[in-house]
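A.B. asks: Build me a model from this:
(3 chains)
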Amino acid sequence: MFEVRLVQGSVLKKVVEAIRELVTDANFDCSSTGLSLQAMDSSHVALVALLLRSDGFEHFRCDRNVSMGMNLANVSKILRTAGNDDIITLKADDDGDVLTFMFESPNQDRISDIEMKLMDIKSEHLGIPDAEYEAVVKMPSQEFLRICKDLSNIGDTVVISVTKEGVKFSTRGDIGNANIVCRQNTTVDKPEDSTTIQMKEPVSLMFALRYMNSFTKATSLSSSVTISMSSDLPIVVEYKIADMGYLRFYLAPKIEDDEDQA
Amino acid sequence: MFEVRLVQGSVLKKVVEAIRELVTDANFDCSSTGLSLQAMDSSHVALVALLLRSDGFEHFRCDRNVSMGMNLANVSKILRTAGNDDIITLKADDDGDVLTFMFESPNQDRISDIEMKLMDIKSEHLGIPDAEYEAVVKMPSQEFLRICKDLSNIGDTVVISVTKEGVKFSTRGDIGNANIVCRQNTTVDKPEDSTTIQMKEPVSLMFALRYMNSFTKATSLSSSVTISMSSDLPIVVEYKIADMGYLRFYLAPKIEDDEDQA
Amino acid sequence: MFEVRLVQGSVLKKVVEAIRELVTDANFDCSSTGLSLQAMDSSHVALVALLLRSDGFEHFRCDRNVSMGMNLANVSKILRTAGNDDIITLKADDDGDVLTFMFESPNQDRISDIEMKLMDIKSEHLGIPDAEYEAVVKMPSQEFLRICKDLSNIGDTVVISVTKEGVKFSTRGDIGNANIVCRQNTTVDKPEDSTTIQMKEPVSLMFALRYMNSFTKATSLSSSVTISMSSDLPIVVEYKIADMGYLRFYLAPKIEDDEDQA
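C.D. replies: Numbering: from 1, shown residues only, chains lettered A, B, ... in the order given. Okay, the predicted model is just below:
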């Protein structure tokens, strides 16, 4: 039997909205430690990894490990019928091929239950090794969203360069060239407005803006985003989910003159 | 001579916006008792009935009964040029084929007059017998709007079932099945937030969600909606218009396995 | 060398958004007195004239007169990456064919620089003689915007008639005829809400609403708009730019029964 209850149901809504553009179908893996998901985007370039730890739920029961395959467009349609303040409960029998969503309005006046058929999705779980990154930038997630969106007006790719002074986002396009520099800044009123840079050595890598813009769909999950880079590793763009876990996006850098991935 | 003056002009704007999706052309019937309209939707499945009583107008003069045929898309275009706070006056000669709209801004700085040609529309007035309904549900109009919209994400039809405990809205679709239950609830701060159920016997009827969604265009007219149902009668979805009358929608239930009307 | 710094960068954003629908490519003419632009719309019916005086800039250096040709769609894309509170600096070498935009966020945390290639645009500068107009109407720019938009629901042209009592905007269409009258009104709380009329003799002229609606894209530049008319001259629709200059639109009147320009 699987039954979990999430008082802050909006977290689930935001997670699904954040990844449904990248991922069509995916398995939600449930175990006693929590709910997790790992999926490649449809063009097999970016990887999404989600963790919602069991202790972040009001109630979490998962008698045995189960992998629930879902079409994310359908899950999104169902979750859109939940209010932002609703409590969300997910239920499934051990042998069942049906997941039940239950939405309770805060004052319990309105209760919805929606049954969704589960799918059989083949997926291989990739081991993502823990790595030490050469540069880690933490910045306001809204600022990162805006930079990716702004640069998309000019070009298709972004070069992210980290030095001690700051992080530079650059693009080139038919109109011209653009550079945006964000300086390290810790003297702000609210800690989530700060920009901090931890750096062992300068890094400069190029990525497709299309993917970066997809990742920023997760902006509402967290006021900060953490960007980790090493010259020989995919970039990690991480949005923390308060008291529960994280949503991480991995993307391999583009090699200069490699226009195929754009 | 016909001349009526409505201080709260926004009521007329809202009425026309509420029905113009369902009804293309319609006769506004004017008599000394007020302004009324009755029209079938273009596919002759739903019926709209409007009453604006004369005593709700600041000034109401209607020397003899007159039926004014209008294209509602044109009326909507004209009324959109009126501000929400404007006072609206409607004028027509007895033998005239022209209706004049006059809009006055609250401080009288801006006065518009728009002449619209009237149309000849043949329509038969249906007698709608007063009926006693087996179940009458009064609920917040916003809540009803949201339920109809939410269920449309899942299916095409809604089964509305009333019991003493509450009213259940159910749908089925390719994704799965959904039920939303609203409980009777009278202990709320504002009376318009309450959900009340008057029931002689349980009723359960199926309707096309497409029409229900059209009816909810009237949501801005009233904070409450009243839904009256009997097994052998069309459902009535009524929005009261404060101090003036009502806007009612009638829709025949669908018979199970009757997919033609969807 | 050309280098100008504008603390209120949003002015530049608004100017470009206001004219980019009318004008595709244009020369920005820079001299020690300021930045100016004069351009016909693509169908050569309307004329746009912009002046931003040098003393409205925090810093203004222009060693020799220079004409910088730009595609306004590209300039718009670049300026959209500037925040509304950003300080904007424009820089170019004397012999350069590149203009550099620099955007600084108010707290200096984020600095963007964007290089844009300049274009060679042939244009003849029209001398616009100073004229005395028979009627000059000053009214809230929002009100003028709304009237032009409202009348577009009914017809394609507007007749603007000025008398001592007020200014009348009239249109005719298939639906009917519409007149909107704004009275002179100086007893308002805020001076920008006033409508004033200076008139030597009554004027009544017809214009294409399509152009009027384009002109009102400048509404955010100023809370007032000034409309100057004489029977034998193009209308001037002027938006003042506080402490810096103006954005003016010129449009020749339509002759009755001349449907070609509509």
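A.B. asks: gap between the two ends of stretch A:5-21?
C.D. replies: Using CA to CA, to the nearest Å, the gap from the first to the last residue of stretch A:5-21 comes to 26 Å.
A.B. asks: contacts for that stretch?
C.D. replies: The contact list for stretch A:5-21 (CB atoms under 8 Å, 6 or more residues apart in numbering or on different chains) reads A:26, A:37, A:39, A:48, A:50, A:52, A:56-60, A:72-73, A:75-76, A:79-80, A:82-90, A:103, A:214, A:217-218, A:220-221, A:239, A:241, A:244, A:247. Every residue, glycine included, has its C-beta placed from N, CA and C.
A.B. asks: and the residues you listed, which are buried?
C.D. replies: Neighbour-count burial (16 or more other CB atoms under 10 Å in any protein chain shown) applied to the contacts of stretch A:5-21 gives A:26, A:37, A:39, A:48, A:50, A:52, A:56-57, A:60, A:72, A:75-76, A:79, A:82-83, A:86-90, A:103, A:214, A:217-218, A:220-221, A:239, A:241, A:244, A:247.
A.B. asks: can you narrow the contacts of stretch A:5-21 to ones near chain B?
C.D. replies: With the criterion set as CB under 8 Å from any CB of the partner chain, the members of these near chain B are A:Arg80.
A.B. asks: Correct me if wrong, but A:Thr111 is in a strand.
C.D. replies: No Thr there; residue A:111 is Ile. Yes. Counting by DSSP: H, G, I helix; E, B strand; the rest coil, A:Ile111 falls inside a strand.
A.B. asks: contacting residues for it?
C.D. replies: A:Met102, A:Phe103, A:Glu104, A:Ser105, B:Ile180, B:Val181, B:Arg183.
A.B. asks: per-residue confidence at it?
C.D. replies: Here, the pLDDT recorded for A:Ile111 equals 95.
A.B. asks: Ignoring the adjacent residues along the chain, who's closest to the closest residue to chain B within the stretch 151-262 of chain A?
C.D. replies: For the stretch 151-262 of chain A, the residue closest to chain B is A:Lys217, as judged by CB to the nearest CB, at 19.4 Å. Setting aside the residues directly before and after it, A:Lys217 is nearest to A:Ala18 in space (CB to CB, 6 or more residues apart in numbering or on different chains), at 4.6 Å.
A.B. asks: Next: A:Arg64.
C.D. replies: Using CB to CB, 6+ apart, the closest residue to A:Arg64 is A:Asp94 (6.4 Å).
A.B. asks: again with A:Pro253
C.D. replies: A:Leu205 (4.1 Å).
A.B. asks: What helices and strands are in contact with the host helix or strand of A:Met206?
C.D. replies: Using DSSP states H and E, A:Met206 sits in strand A:203-208. If contacts are counted by 3 or more CB pairs under 8 Å, 6 or more residues apart in numbering or on different chains; DSSP states H and E, strand A:203-208 sits against strand A:157-162.
A.B. asks: just the CA coordinates of the strand it packs on, formatted as CSV?
C.D. replies: Output in CSV follows, covering the C-alpha atoms of strand A:157-162 (Å, rounded to 0.1, in the frame of the first residue of the first chain):
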residue,chain,number,x,y,z
THR,A,157,23.5,29.8,-26.6
VAL,A,158,24.9,31.1,-23.4
VAL,A,159,28.5,31.1,-22.2
ILE,A,160,28.6,31.0,-18.4
SER,A,161,31.9,32.2,-17.1
VAL,A,162,32.7,32.3,-13.4
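A.B. asks: by contact count, what packs against the helix or strand following that strand?
C.D. replies: Counting by DSSP H and E, the element after strand A:157-162 in chain order, helix or strand, is strand A:166-172. Helices and strands touching strand A:166-172, by 3+ CB pairs under 8 Å, 6+ apart, are helix A:141-152, strand A:157-162, strand A:176-183.
A.B. asks: tell me the angle strand A:166-172 makes with strand A:176-183.
C.D. replies: Inter-element angle recorded for strand A:166-172 and strand A:176-183: 170 degrees (by axes from the mean of the first three to the mean of the last three CA atoms, to 10 degrees).
A.B. asks: relative to strand A:203-208, how tilted is strand A:166-172?
C.D. replies: 40 degrees.
A.B. asks: In space, what's closest to the residue in chain A positioned nearest to chain B - neighbours in sequence excluded?
C.D. replies: Using CB to the nearest CB, the single residue of chain A nearest to chain B is A:Thr81, 3.6 Å away. Of all residues not flanking A:Thr81 in the chain, B:Asp150 sits nearest, at 3.6 Å (CB to CB, 6+ apart).
A.B. asks: how about the residues of the stretch 101-250 of chain A that lie near chain C?
C.D. replies: A:143, A:150-151, A:153-154, A:175-183, A:185, A:195.
A.B. asks: Compute the first-to-last residue distance for stretch A:83-97.
C.D. replies: Start-to-end, stretch A:83-97 (CA to CA) is 26 Å.
A.B. asks: Touching that stretch from outside, list them.
C.D. replies: A:1-7, A:9-10, A:12-13, A:58-59, A:63-64, A:66, A:68, A:79, A:82, A:98-106, A:117-118.
A.B. asks: Among the residues you listed, which are located in helices?
C.D. replies: A:Ser10, A:Leu12, A:Lys13, A:Leu79 (DSSP state H).
A.B. asks: Just give the number of residues close to the third one.
C.D. replies: Yep, that's A:Lys13 we're talking about. Counted by other CB atoms under 10 Å in any protein chain shown, the residues lying close to A:Lys13 total 20.
A.B. asks: Just the ones of the contacts of stretch A:83-97 in strands?
C.D. replies: Mapping those onto strands (DSSP state E) picks out A:2-6, A:59, A:66, A:68, A:98-104, A:117.
A.B. asks: Relative to A:Val237, how far out is the closest residue to chain C within the stretch 1-150 of chain A?
C.D. replies: Closest approach of the stretch 1-150 of chain A to chain C (CB to the nearest CB) occurs at A:Asp150, with a separation of 3.6 Å. Counting by CB to CB, to the nearest Å, the separation of A:Asp150 from A:Val237 is 17 Å.
A.B. asks: Next: A:Asp95.
C.D. replies: Applying CB to CB to A:Asp95 and A:Val237 gives a distance of 38 Å.
A.B. asks: Look at those two and report which has more neighbours.
C.D. replies: More crowded of A:Asp95 and A:Val237, by other CB under 10 Å: A:Val237, with 26 against 6.
A.B. asks: What strands line up against the helix or strand where the more buried one lies, and which way round?
C.D. replies: Secondary structure assignment for A:Val237, by DSSP H and E: strand A:235-241. Using DSSP bridges, strand A:235-241 pairs in its sheet with strand A:224-229 (antiparallel), strand A:245-251 (antiparallel).
A.B. asks: Export the ones you listed as CSV, with columns for mean pLDDT.
C.D. replies: Listed next are those as CSV, based on pLDDT from 0 to 100:
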stretch, mean pLDDT
strand A:224-229, 98
strand A:245-251, 97
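A.B. asks: I'd like those as JSON lines, with distance to B:Leu209 appended.
C.D. replies: Listed next are those as JSON lines, based on distance: least, CB to CB, whole Å:
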{"stretch": "strand A:224-229", "distance to B:Leu209": "40"}
{"stretch": "strand A:245-251", "distance to B:Leu209": "33"}
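A.B. asks: hang on, A:Gln184 packs against A:Gln198?
C.D. replies: No. Taking contacts as CB atoms under 8 Å, A:Gln184 lies outside contact range of A:Gln198: 9.9 Å.
A.B. asks: neighbour-wise, which of those two wins?
C.D. replies: Neighbour count, other CB under 10 Å: between A:Gln184 and A:Gln198, A:Gln184 has more, with 19 against 14.
A.B. asks: Torsion angles phi and psi at that one?
C.D. replies: Backbone torsions of A:Gln184, given as degrees, to the nearest 10, read phi -60, psi 140.
A.B. asks: ditto for A:Asp85
C.D. replies: phi -100, psi 0.
A.B. asks: swap in the one 3 residues further on?
C.D. replies: Comment: the main-chain dihedrals of A:Ile88 come out as phi -110, psi 130, following degrees, to the nearest 10.
A.B. asks: which non-adjacent residue is nearest it?
C.D. replies: Take A:Ile88 and drop its neighbours on the chain: the residue closest to it by CB to CB, 6+ apart is A:Gly9, 3.5 Å away.
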